[in-house]
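Asker: Build the 3D model from these lines:
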Amino acid sequence: MTQESQIKIAVLDLYEGEPNEGMRGIKQLISSFASDCQLNMVYEIFDVRGKNEIPDLSFDAFISSGGPGSPLDSAGSLWEERYFNLVDSIKAHNRQHPDRKKHVLLICHSFQIYCRYYGLGTVSKRKSTSFGVMPIHKTTEGLHDPLFRSLGDPMWAVDSRDYQITQPDAEKIEAEGGALLCIEKYRPHIDLERAVMSIRFNDAIIGMQFHPEADAAGMRMYLLREDKKAHVIEKHGEKKYWEMLNHLTDPDKIMLTYATVVPRFLMLALRNRLSSVSL
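Answerer: Next up is the predicted model:
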């Protein structure tokens, strides 16, 4: 295989140096995809918040991670200015080269700041932290989206957040060719609006509040930590805590989400690129 055939993935790390399972999951999924498909693929990590590192447009696809802290406080920061200059450049590239679009996957914190920056929904702090293995309900569009259509309804994923997106601007989203794909679990006994869990912003950019890169092993380690165990039991009860642990071994829950969403994103993002690569 020649160097020219190499596929490059940019991983935008928004964790600001905080220990996490997300980056491990993203790197593992990219490596597994490359190995399974026998691709000459590399990834490069950019420390967006810690070092103001931003990739150029030479990359074939972009995955932007979750991260700690408020998605509101970084407005006007240097790293965010550079981050959205990149996003605007990707959008401009995609308009100019509709047959060679560069795809972007936005996870959790990245999804929140994107919605805030482009005015696509209301970003607010939750009354309490959402953490655990949660059911996520699809909209009609979500049932048919290529990243989610083979998953159940509800689908299951790891949720870990203090903030939320509500009141999505459907008119603005649809004007860009996007659609609301998923919302959080319906809780009729709680008088609160259901938060948005995923939006397809256009055919090349998709964001999700949950963590599709979370695997069963990493989540199990998290749940077995005394602080996480205490938090889940305090908020949801001991029965729910043991249910979450059991969900981790269910092949139709987060194991399926992990095996489906990011690999399918990569497959869709690289489909034109793959057709020109000699394997």
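Asker: For the lowest-mean-pLDDT helix or strand in the chain, buried residues please.
Answerer: Least confident helix or strand of the chain, by mean pLDDT, DSSP states H and E, is helix 271-275 with a mean of 75. Counting neighbours by 16 or more other C-beta atoms under 10 Å, one finds that the buried residues in helix 271-275 are residue 273. Heads up, the C-betas are built off the backbone N, CA and C, glycines and all.
Asker: So what's the gap between that helix and the chain middle?
Answerer: Distance of helix 271-275 from the chain centroid (C-alpha atoms, centre = their mean, to the nearest Å) equals 22 Å.
Asker: go on, stretch 124-138?
Answerer: Counting by C-alpha atoms, centre = their mean, stretch 124-138 comes out at 14 Å from the chain centroid.
Asker: With stretch 162-175 instead?
Answerer: 16 Å.
Asker: Give the buried residues for it.
Answerer: 163-166, 168, 173.
Asker: Residue 82: which of these is nearest?
Answerer: For the buried residues of stretch 162-175, the closest approach to residue 82 (C-beta to C-beta) belongs to residue 163, at 21.9 Å.
Asker: Contact partners for the closest one?
Answerer: 70-72, 112, 123-126 (C-beta atoms under 8 Å, 6 or more residues apart in numbering).
Asker: Among these, name the buried ones.
Answerer: 71, 112, 123.
Asker: okay if I get those residues as JSON lines plus pLDDT?
Answerer: Putting the buried ones among the contacts of residue 163 into JSON lines (pLDDT from 0 to 100) gives the following:
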{"residue": "71", "pLDDT": "97"}
{"residue": "112", "pLDDT": "98"}
{"residue": "123", "pLDDT": "96"}
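Asker: Just the ones in strands from these, please.
Answerer: Among those, the ones falling in strands (DSSP state E) are residue 123.
Asker: A strand includes residue 134, no?
Answerer: Yes - counting by DSSP: H, G, I helix; E, B strand; the rest coil, residue 134 is located in a strand.
Asker: okay, it: pLDDT?
Answerer: Each residue has a pLDDT score; the one for residue 134 is 87.
Asker: ok, it to residue 89 distance?
Answerer: 34 Å (C-beta to C-beta, to the nearest Å).
Asker: before we move on, what about residue 256?
Answerer: From residue 256 over to residue 89 the distance is 34 Å, taken as C-beta to C-beta.
Asker: so which helix or strand takes in residue 74?
Answerer: Assessed by DSSP states H and E, residue 74 sits outside every helix and strand.
Asker: Which residue comes closest to residue 91 once chain neighbours are left out?
Answerer: Closest residue to residue 91 apart from its sequence neighbours, by C-beta to C-beta, 6 or more residues apart in numbering: residue 205 at 7.7 Å.
Asker: Point out where the protein drops to low pLDDT.
Answerer: Counting by pLDDT under 70, the chain shows low-confidence ranges at 1-4, 186-192, 275-279.
Asker: Could you pull up the residues touching the most centrally placed residue in it?
Answerer: With distances taken as C-alpha atoms, centre = their mean, residue 107 lies nearest the centre of the chain, 2.5 Å away. Applying C-beta under 8 Å, 6+ apart to residue 107 gives the contacts 22, 63-66, 207-208, 211-213.
Asker: cool, and residue 272?
Answerer: 99-101.
Asker: could you dump the longest helix seen in the chain to PDB, C-alpha only?
Answerer: Longest helix in the chain by number of residues (criterion: DSSP state H): helix 78-96. Taking C-alpha atoms only, helix 78-96 is exported to PDB below (Å, rounded to 0.1, in the frame of the first residue of the first chain):
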ATOM      1  CA  LEU A  78      -9.300  31.000  22.200                       C
ATOM      2  CA  TRP A  79      -9.600  27.300  21.900                       C
ATOM      3  CA  GLU A  80     -13.300  27.600  21.100                       C
ATOM      4  CA  GLU A  81     -12.600  30.300  18.500                       C
ATOM      5  CA  ARG A  82     -10.100  28.000  16.800                       C
ATOM      6  CA  TYR A  83     -12.400  25.000  17.100                       C
ATOM      7  CA  PHE A  84     -15.300  26.600  15.300                       C
ATOM      8  CA  ASN A  85     -13.000  28.100  12.700                       C
ATOM      9  CA  LEU A  86     -12.200  24.500  11.900                       C
ATOM     10  CA  VAL A  87     -15.900  23.500  11.800                       C
ATOM     11  CA  ASP A  88     -16.700  26.500   9.600                       C
ATOM     12  CA  SER A  89     -13.900  25.500   7.300                       C
ATOM     13  CA  ILE A  90     -15.200  21.900   7.100                       C
ATOM     14  CA  LYS A  91     -18.700  23.200   6.300                       C
ATOM     15  CA  ALA A  92     -17.300  25.400   3.500                       C
ATOM     16  CA  HIS A  93     -15.200  22.500   2.100                       C
ATOM     17  CA  ASN A  94     -18.400  20.300   2.100                       C
ATOM     18  CA  ARG A  95     -20.300  23.000   0.200                       C
ATOM     19  CA  GLN A  96     -17.500  23.300  -2.400                       C
END
